[in-house]
Each structure stands twice: as C-alpha cells, then as structure tokens.
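Novice: pasting the sequence and the predicted model now:
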Amino acid sequence: MHWLERPDWAPGEIDLERPSVARVYDYYLGGSHNFAVDRQLAQRAIRLMPDLPLIMQANRAFLRRAVRFLLAAGVRQFLDIGSGIPTVGNVHEIVHASDPDAPVVYVDSDPVAVAHSRAILEGNRSATVVQCDLRDPRALFGDPALRAALDLSQPVGVLMIAVLHFVPDSDDPAGVVGRLYDEIAPGSYLALTHATADGDQANARAVGELYAQSPSPLVLRSRAEVSALFKGFSPIDPGIVFLPVWRPESERDSHAHEAERFSGYAGVGLRT
C-alpha cells in the first residue's frame, strides 16, 4: 500500500490491509474513519444482510438512551469498554451535554482506534483513552490513567456496546463480566448489546460466517446466553430485549411489529 494512503494519525506498525471491527462499525454508521479493507468487509456483510446499517444505527440509538438513563439515575462517571472510535454522538458528547465535568474513559485494544480517539479528544480534560484488552479487567482497572480519571469507590456506568460478541466462549465472556463486577462499586450499572441469530437467523449466521474469516470472529449468542452475562446484576426493566425495544423514545422507534429484524439484544443491569 502506498505510503500516502496512510493517515497521519495511524501508527506506522498498523497493517492497513487488515480490517478492524472498530473501523467497520464506523463505516456502518456512515463515518469517515475507515480504510478500504474495512469498507470491503462491511459491504460484503451488507450484501448478506442489507439491514446491517439499520441495526448499527439502532445499536447507537440504544447507547444514547442508556447513557441518558444512567445520567438520570445519578451516575456521573462512565467507562466505555470496546469503545471503537468516538465519533459524533458518542458517550462523551451525551454525558458532557448534561455535565461537562463528568469523566468518561474510553477503552479499546485496537491501536488505530486508540490513536484516532486520542486525536479526536485532544484538549478534552474530561475524556480519557486507554489501550487495554477487555479480557483482563484487573489490568484495566489498574491502569494509572483510568484510576486518575475515575473514583472506583463510587458508582460508574460501564458500557460494553457490541463488543462481547467478539469474545469467544474459550475466553469465558461471562467470567470477564464477573471480574469486572468485582472491580466496580455497588450502585454501578452495566449496559451492553450483543449480536444474536434469534431474529433473522439465516442472514445473521451468514454474516457470522463472513466475520469468521476476519481477524475478529463474531459469536452469535441466544437471549439466555446474553442474559447469563448479567450474572450478579439486577436487570432494569424491560430486561434483555431486541435493540429498539429497550425503552424506546416513541412507538415508532420501538419497531415493535418487526423487532426481531434487529439481530441484537440490549440490556442494562444494576450492580447491587
């Protein structure tokens, strides 16, 4: 690949010919922080499942609703694990519209996502970016930048949006969440979304097979399996539901007559 194609924010060691789930997600949302290889994977997935951009928009809409719910519940610090690239409408913008001083920490393992996040957030004293693997919560919560930004003796809103379906069963995603549970204070919340084949089974499985050929295979889990990720957390009504059904802001937003079209679950739980 010609050197002029490399953006100045992309570290030199990054292979721009390998797709990144963070950048693919950015493409689904209509963003510009992606490369040709990411667009190729996304376009192949969309051909298999034309509703994918709509599903990703529903995923982002849930993020906004969940963050506003947590703010209304009194949460004043946020930890977004597997954050990707914090482009327009992401956590810090929603939070800081309500409380400009509330700290937001973004965490991702993708060096490109981290580098670009730092460029976007430069000068924002209430937003921090940490590079860490979510499968090691103890290392994450021991990170000096995170500990400087968050008061872990107080409740925190933890967001794991569209990330745990990239954690294979062999890495014990429920155990990952359990170790995270041990690190956060009572009164904290966990909000997550997760891909499933419970709705549009044929197309969802086809997309899963496509992602199996990428560096980040996709694991589709059932409602029972997603619910198990909340072990120890008290579910907030309406529980684990298809993406647009979690506290929609209008009947139209809920897509109640076609909710299964959105091949992803969403939920929020309280750490008691």
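Specialist: Now that the structure is in, tell me what you want to look at. The model shown is predicted, which means the values in this text are computed figures rather than measured ones.
Novice: what's around Asn203, how many residues?
Specialist: Using other CB atoms under 10 Å, Asn203 has 18 other residues around it. Using the backbone N, CA and C atoms, a C-beta is placed for each residue, glycine as well.
Novice: so which residues of the stretch 51-200 of the chain form strands?
Specialist: For the stretch 51-200 of the chain, applying DSSP state E, counting those that start in this stretch gives strands covering 78-81, 104-108, 127-131, 157-161, 189-195.
Novice: out of these, nearest to Gly30?
Specialist: strand 157-161 (17.0 Å; CB to CB).
Novice: leaving out sequence neighbours, find the closest residue to Ser109.
Specialist: The shortest distance from Ser109 to any non-neighbouring residue, by CB to CB, 6 or more residues apart in numbering, is to Asp133 (4.7 Å).
Novice: list the contacts of that neighbour.
Specialist: Contact partners of Asp133, counting by CB atoms under 8 Å, 6 or more residues apart in numbering, are 109, 139-140.
Novice: for these, pick the one with the most neighbours.
Specialist: Counting by other CB under 10 Å, top hit in these: Leu140 with 21 neighbours.
Novice: tally of neighbours for the nearest residue to that residue once chain neighbours are set aside?
Specialist: Nearest in space to Leu140, with sequence neighbours left out and distances taken as CB to CB, 6+ apart, is Cys132 at 4.5 Å. Counted by other CB under 10 Å, the residues lying close to Cys132 total 19.
Novice: flag the shaky bits of the stretch 101-250 of the chain, pLDDT-wise.
Specialist: Applying pLDDT under 70 to the stretch 101-250 of the chain flags residues 200-202.
Novice: cutoff 90 now
Specialist: Applying pLDDT under 90 to the stretch 101-250 of the chain picks out residues 110-123, 137-138, 197-218, 249-250.
Novice: quick one, helices of it?
Specialist: Here the stretch 101-250 of the chain has its helices, by DSSP state H, counting those that start in this stretch, at 111-121, 137-141, 144-149, 173-183, 201-211, 223-228.
Novice: and these, which is most packed in?
Specialist: helix 111-121 (a mean of 20; mean count of other CB atoms under 10 Å).
Novice: tell me the angle that one makes with strand 127-131.
Specialist: Taking axes from the mean of the first three to the mean of the last three CA atoms, to 10 degrees, one finds that helix 111-121 is oriented at 170 degrees with respect to strand 127-131.
Novice: now the longest helix belonging to the chain - C-alpha only, CSV.
Specialist: Longest helix of the chain, by residue count under DSSP state H: helix 52-72. The C-alpha trace of helix 52-72 is given here as CSV (Å, rounded to 0.1, in the frame of the first residue of the first chain):
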residue,chain,number,x,y,z
LEU,A,52,-27.0,-4.1,9.0
PRO,A,53,-26.6,-0.3,8.8
LEU,A,54,-30.1,0.0,10.3
ILE,A,55,-29.1,-2.5,13.1
MET,A,56,-26.0,-0.5,13.8
GLN,A,57,-28.0,2.7,14.0
ALA,A,58,-30.4,1.0,16.5
ASN,A,59,-27.3,0.0,18.4
ARG,A,60,-26.1,3.6,18.6
ALA,A,61,-29.6,4.8,19.5
PHE,A,62,-29.6,2.3,22.4
LEU,A,63,-26.3,3.7,23.6
ARG,A,64,-27.7,7.2,23.7
ARG,A,65,-30.8,6.1,25.6
ALA,A,66,-28.8,4.0,28.1
VAL,A,67,-26.4,6.9,28.8
ARG,A,68,-29.3,9.3,29.4
PHE,A,69,-30.9,6.7,31.7
LEU,A,70,-27.7,6.4,33.7
LEU,A,71,-27.4,10.1,34.0
ALA,A,72,-30.9,10.3,35.2
